[in-house]
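Visitor: Just to be clear, the model below is a prediction. Sequence and coordinates:
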Amino acid sequence: MTKTMATVKQGDKLGSILVAAGLIVPEQLDKALQLQHGTTKRIGQLLVELGLVTDVDIAVALGKQLGIPYVTQAS
């Protein structure tokens, strides 16, 4: 994630977290939300499929949303 997420609170919506982190802009989120209607896909999955974020971006944002730290395996 490129920007600090100090303003992100546990329980914020995933799209809002990604916008706050500077990973997507509100217009990209709106487009993904429109595409989501009529599907069973989750917003994170759509954003990855659109090439706007990575799986790791989603994992970190979900960690913030749920209050669970994202941990990587140390080399």
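Guide: Structure received. On a predicted model such as this, the values are computed, not experimentally measured, just so you know.

Visitor: what's around Val53, how many residues?
Guide: 21 (other C-beta atoms under 10 Å). Where you see a C-beta, it was placed from the backbone N, CA and C, and this is true even at glycine.

Visitor: Check it and give its pLDDT.
Guide: Listed pLDDT for Val53 reads 98.

Visitor: which residues does it contact?
Guide: 18, 23-24, 44, 47 (C-beta atoms under 8 Å, 6 or more residues apart in numbering).

Visitor: mind listing the helices for this protein?
Guide: 14-20, 26-36, 43-49, 55-66 (DSSP state H).

Visitor: Convert the C-alpha atoms of the last one to CSV, please.
Guide: The C-alpha coordinates for helix 55-66 follow below in CSV (Å, rounded to 0.1, in the frame of the first residue of the first chain):
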residue,chain,number,x,y,z
ASP,A,55,-4.1,-9.8,-4.1
VAL,A,56,-1.6,-8.5,-1.5
ASP,A,57,-3.3,-5.1,-1.5
ILE,A,58,-6.6,-6.7,-0.8
ALA,A,59,-5.1,-8.9,2.0
VAL,A,60,-3.6,-5.9,3.7
ALA,A,61,-6.8,-3.9,3.4
LEU,A,62,-8.9,-6.7,4.7
GLY,A,63,-6.5,-7.0,7.6
LYS,A,64,-7.0,-3.3,8.4
GLN,A,65,-10.8,-3.8,8.0
LEU,A,66,-10.9,-6.7,10.5
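
Visitor: Now do the phi/psi pair for the closest residue to Gly67 other than its chain neighbours.
Guide: Distances taken as C-beta to C-beta, 6 or more residues apart in numbering place Gln10 nearest to Gly67, at 4.2 Å, with adjacent residues excluded. Main-chain torsions, Gln10, degrees, to the nearest 10: phi -60, psi 130.
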